[in-house]
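[1] after the sequence you'll find the predicted model.
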Amino acid sequence: MSDFNVNEFLSSLDDKDSTEISQVTPKNYASDLYKKWFRTKNNSGFLTIKPWFDGMKVKVDIGKTSSEGKLISSTNVYLDALDFAAYLKSIVSGNAALVYPANERLGVPTNEGFASYGGSDQNGKVISRIFKAHYWQANEVYDSTSFAWKCGHFNAKKSDTGAFIPDMKSPLSVDSIKVTRQDIAEISYRLDLALTSYAFSNNEWYEHS
């Protein structure tokens with residue numbers, strides 16, 4: 001049996017690793033974290049998810065396109081990154097029905113649903129931004145194998161506490177998309193990786209003096 005020089009072997013690995021690492025392009029999480037295009041007989045569109053971790057938010061954008069690929073509509077919302085990540089992970093882990101039961105007050109008609117209400121002042125107008133997720137509905141029947149994700153902008157007014165109170169009868173922009181459990185598994189994994197990477201590089205966001 002020939003002699004095996006462990007030091008030379010380890011040294012060769014170190015040299016190889018250092019060369020490969022120097023050629024790796026850092027991941028830019030300011031770009032789309034996830035993008036899905038969809039096309040049915042009558043509709044086509046997209047779902048994009050982009051992190052904005054400086055504000056610990058995730059931007060969800062749902063849109064529709066024409067048969068020629070031209071943008072028809074697009075509605076985006078900003079969700080709390082940790083709240084959204086926890087929700088997605090609960091679905092993947094199988095305990096979302098317990099943690100996120102149906103909540104009619106929030107407009108979530110099924111278990112494993114999620115709602116986020118926010119808003120902004122745009123050009124002197126108060127706009128409410130709403131995101132909702134619940135089981136997909138077809139012919140008045142809910143299908144728990146997939147989800148409807150909805151983004152909506154509505155005319156609104158501000159309460160004395162600064163909350164945005166939407167006028168649900170006055171929509172400005174509304175878009176939705178069908179999201180499968182397989183989609184959610186991938187989105188959850190991508191968001192977990194992005195948050196872990198951000199926390200590792202910016203641990204001051206969770207450290208307290």
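    Yep, it's here. Numbers count the residues shown, from 1 in each chain.
[2] next, the contact list for the residue nearest the centre of the chain, please.
    For the chain, the residue nearest the mean C-alpha position is I49 (4.9 Å; Cα atoms, centre = their mean). Shown in contact with I49 (Cβ atoms under 8 Å, 6 or more residues apart in numbering): D32, L33, Y34, K35, V58, K59, V60, D61, I187, R190, L191. Heads up, the C-betas are built off the backbone N, CA and C, glycines and all.
[3] nearest residue to it in space, please, no chain neighbours.
    Y34 (4.3 Å; Cβ to Cβ, 6 or more residues apart in numbering).
[4] what is the neighbour count of that neighbour?
    19 (other Cβ atoms under 10 Å).
[5] correct me, but it touches I187?
    Yes - with contact defined as Cβ atoms under 8 Å, Y34 counts as touching I187 (5.2 Å).
[6] residue ranges in this structure under the pLDDT threshold?
    Along the chain, the model assigns pLDDT under 70 to residues 1-30, 207-209.
[7] show me the contact partners of the top helix by length along the chain.
    For the chain, the longest helix by residue count, based on DSSP state H, is helix 181-201. Here helix 181-201 makes contact (Cβ under 8 Å, 6+ apart) with 27, 29, 33-34, 36, 49, 51, 53, 58, 81-82, 84-85, 88-89, 91-92, 145-147, 205-206.
[8] buried residues in it, which are they?
    Neighbour counts using 16 or more other Cβ atoms under 10 Å place D183, I184, I187, S188, R190, L191, A194, L195, Y198 of helix 181-201 among the buried residues.
[9] what of stretch 32-44?
    L33, Y34, K36, S44.
[10] from those residues, pick the one nearest S120.
    L33 (21.8 Å; Cβ to Cβ).
[11] OK, contacts around that closest one?
    Contact partners of L33, counting by Cβ under 8 Å, 6+ apart, are I49, K50, P51, V58, R190, L191, A194.
[12] list only buried entries from the contacts of helix 181-201.
    29, 33-34, 36, 49, 51, 53, 58, 81, 84-85, 88-89, 91-92, 147.
[13] helices - which of those residues land there?
    Using DSSP H, these in helices are A81, F84, A85, L88, K89, I91, V92.
[14] adding distance to G152, write those out as TSV.
    Compiled in TSV, these are given as follows (distance: Cβ to Cβ, whole Å):
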residue	distance to G152
A81	20
F84	16
A85	22
L88	20
K89	25
I91	21
V92	26
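[15] export stretch 89-108 as CSV, just CAs?
    Taking C-alpha atoms only, stretch 89-108 is exported to CSV below (Å, rounded to 0.1, in the frame of the first residue of the first chain):
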residue,chain,number,x,y,z
LYS,A,89,-43.0,27.7,7.6
SER,A,90,-46.1,26.6,9.5
ILE,A,91,-47.7,25.4,6.3
VAL,A,92,-44.6,23.5,5.3
SER,A,93,-44.3,21.9,8.8
GLY,A,94,-48.0,21.0,8.8
ASN,A,95,-49.2,23.0,11.9
ALA,A,96,-50.7,26.0,10.1
ALA,A,97,-54.3,24.9,10.7
LEU,A,98,-53.7,25.2,14.4
VAL,A,99,-51.5,28.3,14.4
TYR,A,100,-53.5,30.2,11.7
PRO,A,101,-57.2,29.2,12.0
ALA,A,102,-60.0,30.8,10.0
ASN,A,103,-60.7,34.4,11.1
GLU,A,104,-63.7,36.0,9.6
ARG,A,105,-62.9,39.3,11.3
LEU,A,106,-59.7,39.6,9.3
GLY,A,107,-61.5,38.3,6.2
VAL,A,108,-59.8,34.9,6.2
